[in-house]
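Enquirer: here's a sequence, model it:
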Amino acid sequence: MANSNSRAASGARLLGDDVQHLIVWYHVLRTQQVGATVVDLAVEAAGAGNVDDMTLRHAGGQREYWQIKASVNASTPLNEEWLFEKEKDKQSLLQRLYASWVKLSQELGPRPNIVLATTKAIEATDQVLAARATTDARIVETLRQGTGLLATARTRWADHLGVSEAELLYFLDHFEIRHAQSEKEWREKVRDAAIGARVRVDDSAIALGVQCVRDWVKAPRQRFSPGDLSRIIGSLEICSTESSGLLVIQALEGNPRAQVASHAIDWVELLAGDEPRTRRRFSAPLLARPLVLEDLTTSRERLRAAGIRTLEVDGPMRLPMWFAVGAHFGSTAGFIVGAQARDGMWWSSVSPNSQADLTISSVQDPSVAVGRPWAVSVSFAVDIAEEVESFLEASLPDVHHVRARVPHPGRAALSGLAHAQAVIFQLREELRVLRRQLKPPEVHLFLAMPAACALLLGHAWDRMPPTWTYWDLGEPGEYEAALRVAA
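Expert: Modelled structure (predicted):
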């Protein structure tokens, strides 16, 4: 009886080819992004031994050689046994990769990096791979620092390669395993890279790129410079007619999309906390705030110089940062922004519907609020008015509290993008009317809403007083000033 987890030989071969071609096309697109370091790319490169599926040479001289293995059998996970397995008198996969590394090092000079890409997932019980100590696709630190069973494994791996433990670790310093990414996931990575390269992201454009790679595999081996690849992409007629891009801002933790973004910013080190859940404020606000504003200004200048006007924004970050990004890439700056929401992408270019059901009120007599700063609490996801009021009484007693609230704050409070746009524009217009009457010198803004909504609110926040956004510190009534937006 056939194993239901196994593919026919032809199906397995097609899967492997598809994954290889997608990975190559992904790296082709990455050569077209601002700041790319690859100076040439080759497929089935001559003299690369068992790691010839793709080779990359970077501007600093570093070389990468890729061996791509698509999973053909769900019953064989990525584990030591798979790496050590020998067929008849052949070397194991790990032995072949090591032999290629030695050969390339002897022939071409500085030690290259060897990358094994596989759709297989690491077996959770594997002593070495499941315990890998780093998140950068390397296992060397696991074995270098391991004791007990890991020390025994280090000896076992060295014996398998017939080398000393020092030589094993030297090899592993240059060895990466990119694992557990399926064909579907590589297609998504291709789409992300296409945005940064200003190439179409539709299935037909991807199919043309993959076919191009197939043709390279069949043709005599050759190398391509970024300029060559730009001309090839142009000949395929898949360049995007829209000036769109991807901005990734990493504040709570890293985001793999940063590698393929039109522009990426890393603010993780600016926030206090050891993991995403606890990163709720700047560790050094006086130092962090000007750096954030400088980074946003630089990114706006670079994206504008690249002709990008439609911008997808991705995080992860807290609401004050989403708002600040929207404000810096606002409508008056000529940008359209969007972000992923629960029901799809939310774009600032979408018109509002008629559901402007926001209630805006104050418990104080407006006549005594003239010339006083405002605190505006915006309750979409949860009603925060009372918590904000408690904070204001203790920390900002002189401000005039304006409360904005949808009828039933909660996860389903906004029916969709058009409703979100309706309440955003309603809030802005009613606050503008109040501003003419009360003339507040500044606004203190407290938000409880989806991240995409905060981005769109910032995008629409023009002709308003200078605005301070606030961190929610995770405890009732506890807030802290985050960023000042000169709207």
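
Enquirer: quick one: residues contacting the residue located most distally from the centre of the chain.
Expert: Each residue of the chain has a distance to the centre, and by CA atoms, centre = their mean the biggest one is for residue 367: 48.0 Å. Contacts here follow CB atoms under 8 Å, 6 or more residues apart in numbering; on that basis residue 367 touches nothing. To be clear about C-beta, it is placed using only N, CA and C from the backbone, and glycine gets the same treatment.

Enquirer: okay, it: pLDDT?
Expert: Listed pLDDT for residue 367 reads 74.

Enquirer: following the worst-scoring helix or strand of the chain on mean pLDDT, which helix or strand comes up?
Expert: Comparing every helix and strand of the chain by mean pLDDT, DSSP states H and E singles out helix 9-30 as the least confident one, with a mean of 76. Using DSSP states H and E, the helix or strand that follows helix 9-30 in sequence is strand 38-42.

Enquirer: alpha carbons of that following strand, as CSV, please.
Expert: Written as CSV, here are the backbone C-alpha positions of strand 38-42 (Å, rounded to 0.1, in the frame of the first residue of the first chain):
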residue,chain,number,x,y,z
VAL,A,38,24.3,41.4,-3.7
VAL,A,39,26.5,42.1,-6.7
ASP,A,40,25.9,38.9,-8.6
LEU,A,41,23.6,35.9,-8.6
ALA,A,42,23.9,32.6,-10.3
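
Enquirer: now do the buried residues in the next helix or strand after it.
Expert: Going down the chain from strand 38-42, the next helix or strand is strand 54-58, by DSSP H and E. In terms of neighbour count (16 or more other CB atoms under 10 Å), strand 54-58 has its buried residues at 54, 55, 56, 57.

Enquirer: cool, and stretch 216-232?
Expert: Those would be 216, 224, 226, 229, 230, for stretch 216-232 by 16+ other CB under 10 Å.

Enquirer: cool, stretch 281-289 as well?
Expert: Here stretch 281-289 shows 281, 282, 288, 289 as buried, counting by 16+ other CB under 10 Å.

Enquirer: how close does residue 389 get to residue 402?
Expert: Remark: distance between residue 389 and residue 402 (CB to CB, to the nearest Å) = 11 Å.

Enquirer: of those two, who's got more company?
Expert: Shown here are residue 389 and residue 402; by other CB atoms under 10 Å, residue 402 has more neighbours (25 against 15).

Enquirer: what secondary structure does that one sit in?
Expert: strand (DSSP: H, G, I helix; E, B strand; the rest coil).

Enquirer: can you pull the pLDDT of it?
Expert: pLDDT, read off for residue 402, is 96.

Enquirer: who does it bridge with?
Expert: Beta-bridge pairing for residue 402 (DSSP bridges): residue 376.

Enquirer: that one touches residue 364, doesn't it?
Expert: No. Applying CB atoms under 8 Å as the test, residue 402 and residue 364 come out as separate, 9.3 Å apart.

Enquirer: let me have the buried residues of stretch 281-289 in a markdown table, extended by secondary structure, distance to residue 168 and pLDDT.
Expert: Compiled in a markdown table, the buried residues of stretch 281-289 are given as follows (DSSP: H, G, I helix; E, B strand; the rest coil; distance: CB to CB, whole Å; pLDDT from 0 to 100):
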| residue | secondary structure | distance to residue 168 | pLDDT |
| --- | --- | --- | --- |
| 281 | coil | 44 | 97 |
| 282 | strand | 43 | 98 |
| 288 | helix | 42 | 97 |
| 289 | helix | 47 | 97 |
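
Enquirer: as CSV, those with distance to residue 23 would be great.
Expert: Listed next are the buried residues of stretch 281-289 as CSV, based on distance: CB to CB, whole Å:
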residue, distance to residue 23
281, 40
282, 38
288, 37
289, 40
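
Enquirer: among these, which one lies nearest to residue 190?
Expert: Distance to residue 190 across the buried residues of stretch 281-289 (CB to CB) is lowest for residue 288, with 34.8 Å.

Enquirer: got a list of what the closest one touches?
Expert: 267, 270, 271, 282.

Enquirer: rerun at 10 Å
Expert: Residue 288 makes contact with 267, 269, 270, 271, 272, 281, 282, 482, 483, according to CB atoms under 10 Å, 6 or more residues apart in numbering.

Enquirer: out of the residues you listed, which one sits closest to residue 62?
Expert: residue 269 (25.1 Å).

Enquirer: what strand or helix carries residue 217?
Expert: helix 203-218.

Enquirer: who's in contact with the helix or strand that that helix is followed by?
Expert: Proceeding N to C from helix 203-218, the next assigned helix or strand is strand 223-224, under DSSP H and E. Residues outside strand 223-224 that contact it (CB under 10 Å, 6+ apart): 28, 31, 38-43, 45-46, 55, 57, 216, 230-232.

Enquirer: residue ranges with poor pLDDT in this protein?
Expert: Residue ranges of the chain with pLDDT under 70: 1-16, 72-75, 132-137, 487.

Enquirer: cutoff 80 now
Expert: The model of the chain has pLDDT under 80 over residues 1-17, 34-35, 71-75, 109, 131-137, 220-221, 241-243, 363-367, 487.

Enquirer: all helices of the stretch 201-350 of the chain, in order?
Expert: According to DSSP state H, counting those that start in this stretch, the stretch 201-350 of the chain carries its helices in the segments 203-218, 226-236, 285-305, 319-328.

Enquirer: let me know which of those is tucked in deepest.
Expert: helix 319-328 (a mean of 26; mean count of other CB atoms under 10 Å).

Enquirer: alpha carbons only: can I get that helix in CSV?
Expert: Written as CSV, here are the backbone C-alpha positions of helix 319-328 (Å, rounded to 0.1, in the frame of the first residue of the first chain):
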residue,chain,number,x,y,z
LEU,A,319,-0.5,52.7,19.1
PRO,A,320,1.4,55.9,19.7
MET,A,321,3.9,54.8,17.0
TRP,A,322,1.2,53.8,14.5
PHE,A,323,-0.3,57.3,15.0
ALA,A,324,3.0,59.0,14.6
VAL,A,325,3.8,57.1,11.4
GLY,A,326,0.4,58.0,9.9
ALA,A,327,1.0,61.7,10.8
HIS,A,328,4.5,61.7,9.1
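
Enquirer: OK, contacts around residue 48?
Expert: 42, 54-55, 63, 65-67, 100, 103-104, 108, 112, 221 are the contacts of residue 48 under CB under 10 Å, 6+ apart.

Enquirer: top of the residues you listed by neighbour count?
Expert: The most crowded member of the contacts of residue 48 is residue 54, carrying 26 neighbours; neighbours defined as other CB under 10 Å.

Enquirer: which SS class is the closest residue to that residue other than its chain neighbours?
Expert: Nearest residue to residue 54, sequence neighbours excluded (CB to CB, 6 or more residues apart in numbering): residue 66, at 4.2 Å. Using three-state DSSP, the structure places residue 66 in strand.

Enquirer: quick check: residue 66 touching residue 175?
Expert: No. Residue 66 is beyond contact range of residue 175, at 11.8 Å (criterion: CB atoms under 10 Å).

Enquirer: if I look at the two, which residues touch both of them?
Expert: Residues touching both residue 66 and residue 175 (CB under 10 Å, 6+ apart): 113, 114, 115, 116.
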